[in-house]
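Enquirer: Got a sequence here, can you build the structure:
(one chain, ligands or ions: 1)
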Amino acid sequence: LQLEEVKIPLFYGWFLMSPANEKVKCSAIDFVKTLDTLEAFKKHSADFTGKAEKEVDLEQHFKAKASLHCTTKFSNYGKAEGAKEYAQNLVVKDHFGSVSELSLIAFFVTPRTVGARVSLTKEQLQLWPVDAESSVPGATGLPHGSRAHVTLACAAGVEAVQTGLDLLDILALQKDGQQGELVEMELGSLSYYGEGRWMLALREPICASACFSSSYK
Ligand code: ACK
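Expert: Coordinates of the predicted model:
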């Protein structure tokens, strides 16, 4: 085993600190609970259950994440494409351990995942891999940083990587001009994009302190 190789982590990202981590988790639970009670949502519950008329208990459907982060680079211990270059990037080295504010601008729910969309600052975008969006079919035209998100929960058997893909899917529909049914909520406006895809654009972004670091598991 080469020491050089084991040094590269599973992934890099911004890790939400306390109490921001708890604040975001609570806001997400509130949103999901409220969504579940809306007539507009109940009308489309078959998207989740596969059966007409059958209601879904979203809190049962999803398993919430305990500690939250926004992945920048999935390095897979050096096996992912560009992992070594990212680890050696001076901007990455310089920012390692630094704290900044993440701005959460939307919540989204699909039958697979619950996530928060993150709007990155210019400085934060320097840490965003160039191919994060272009490597995903169907997301090629979306702006750099579009995939930035915090995974809040996944349905049984769903891997967290799905959350960013679900976000890109919704953003591609938005870009095509698809504006589903709109429901005004206290927190912002909620749109339905078909096939169980919902996005709440927050009236007030949620600010969360986060530390840029890496994880080995
Ligand atoms: O919720 P996430 O962003 O989705 O955070 C986790 C983290 O890395 C550790 O698994 C993300 N992840 C997993 N596989 C990939 C991948 N192939 N591309 C991008 N992100 C990934 C996952």
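Enquirer: Remind me what the host helix or strand of Ser214 packs against, helices and strands.
Expert: Assigned by DSSP states H and E, Ser214 falls within strand 198-215. Where contact means 3 or more C-beta pairs under 8 Å, 6 or more residues apart in numbering; DSSP states H and E, strand 198-215 is packed against strand 11-16, helix 20-37, strand 69-74, strand 99-109, strand 113-119, strand 188-192. Placement of C-beta: from N, CA and C, glycine included.
Enquirer: I'd like to know which of these is closest to the ligand.
Expert: Distance to the ligand, taken as C-beta to the nearest ligand atom, is lowest for strand 69-74 among those, at 3.4 Å.
Enquirer: For the closest one, enumerate the helices and strands it packs against.
Expert: Based on contacts counted as 3+ C-beta pairs under 8 Å, 6+ apart, the elements that strand 69-74 packs against are strand 11-16, strand 149-155, strand 198-215.
Enquirer: and the residue nearest in space to the middle of the chain, what does it touch?
Expert: Nearest residue to the geometric centre of the chain (C-alpha atoms, centre = their mean): His149, 2.8 Å. For His149, the contact set (C-beta atoms under 8 Å, 6 or more residues apart in numbering) comprises Cys70, Gly115, Ala116, Arg117, Val118, Thr163, Gly164, Leu167.
Enquirer: Same list, those residues, but as TSV with distance to Ile105 please.
Expert: Below are the contacts of His149 laid out as TSV (distance: C-beta to C-beta, whole Å):
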residue	distance to Ile105
Cys70	12
Gly115	12
Ala116	8
Arg117	5
Val118	7
Thr163	15
Gly164	15
Leu167	11
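Enquirer: near the ligand, from the residues you listed?
Expert: Thr163, Gly164 (C-beta under 6 Å from any ligand atom).
Enquirer: From the ligand, how far off is Lys79?
Expert: Distance, Lys79 to the ligand, by C-beta to the nearest ligand atom, to the nearest Å: 10 Å.
Enquirer: Spell out which residues of the protein are next to the ligand.
Expert: Counting by C-beta under 6 Å from any ligand atom, the residues of the chain near the ligand are Leu10, Phe11, Thr71, Phe74, Thr151, Ala160, Val161, Thr163, Gly164.
Enquirer: Selecting buried members of the residues you listed in PyMOL, what would you type?
Expert: The buried subset of the residues of the chain next to the ligand, as determined by 16 or more other C-beta atoms under 10 Å, is captured in PyMOL by this line:
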select buried, resi 10+11+71+74+151+160+163+164
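Enquirer: Contacts only, for Phe96.
Expert: Residues counted as contacts of Phe96 (C-beta under 8 Å, 6+ apart) are Phe212, Ser213, Ser214.
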